[in-house]
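K.L.:
Here is my input, please return the structure:
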Amino acid sequence: MLPLEDIPPFAQKNASGFSFWVKVTPKASKNRIGDLVDGTMNRKMLKVYITAAPENNQANIAVVEELSIYLRKAKSTIQILSGHTTREKHIQVLT
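P.N.:
Model prediction:
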């Protein structure tokens, strides 16, 4: 897990906290955070494995829950800015 006071090295600081990209694998065998991977447009993305299927927003909810545990932040501070219907998602964490 990450220290509370640190912004992850893969994130970009902004006015309301920090943001980063994730690449989601739904229907995985277990929920977990993986390594950094290369995404589109030469982005470094954090790999997130989720057991939920990408139906009825269940995978997005699971992504927020898993990131909440990993970052040690409240679920209410984690937002999906873009990518609600794709595997690549832009995440904002409010501080």
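K.L.:
Run through the protein and note the low-pLDDT ranges.
P.N.:
Scanning the chain for pLDDT under 70 picks out the ranges 1-6.
K.L.:
residue contacts, I33?
P.N.:
Under the criterion of Cβ atoms under 8 Å, 6 or more residues apart in numbering, the neighbours of I33 are 46-49, 66-67, 70. Every residue, glycine included, has its C-beta placed from N, CA and C.
K.L.:
give the contact list for the residue nearest the centre of the chain.
P.N.:
Here the mean C-alpha position of the chain is nearest to the C-alpha of V22 (Cα atoms, centre = their mean), at a distance of 4.7 Å. The contact partners of V22, by Cβ under 8 Å, 6+ apart, come to 45-48, 63, 67, 88-89, 91.
K.L.:
What residue in this protein is the furthest from its centre?
P.N.:
Distance-from-mean max, the chain, by Cα atoms, centre = their mean: A15 at 18.7 Å.
K.L.:
wait, which of the contacts of V22 is closest to N56?
P.N.:
When the contacts of V22 are compared for distance to N56 (Cβ to Cβ), V63 wins out at 13.9 Å.
K.L.:
Sketch out the strands for the chain, chain order is fine.
P.N.:
Taking DSSP state E, the strands of the chain run over residues 12-14, 17-25, 32-38, 44-49, 78-82, 88-94.
K.L.:
and the first one, what does it pack onto?
P.N.:
If contacts are counted by 3 or more Cβ pairs under 8 Å, 6 or more residues apart in numbering; DSSP states H and E, strand 12-14 sits against strand 17-25.
K.L.:
Show me what the strand it packs on pairs with in its sheet, parallel or antiparallel.
P.N.:
strand 12-14 (antiparallel), strand 44-49 (parallel), strand 88-94 (antiparallel) (DSSP bridges).
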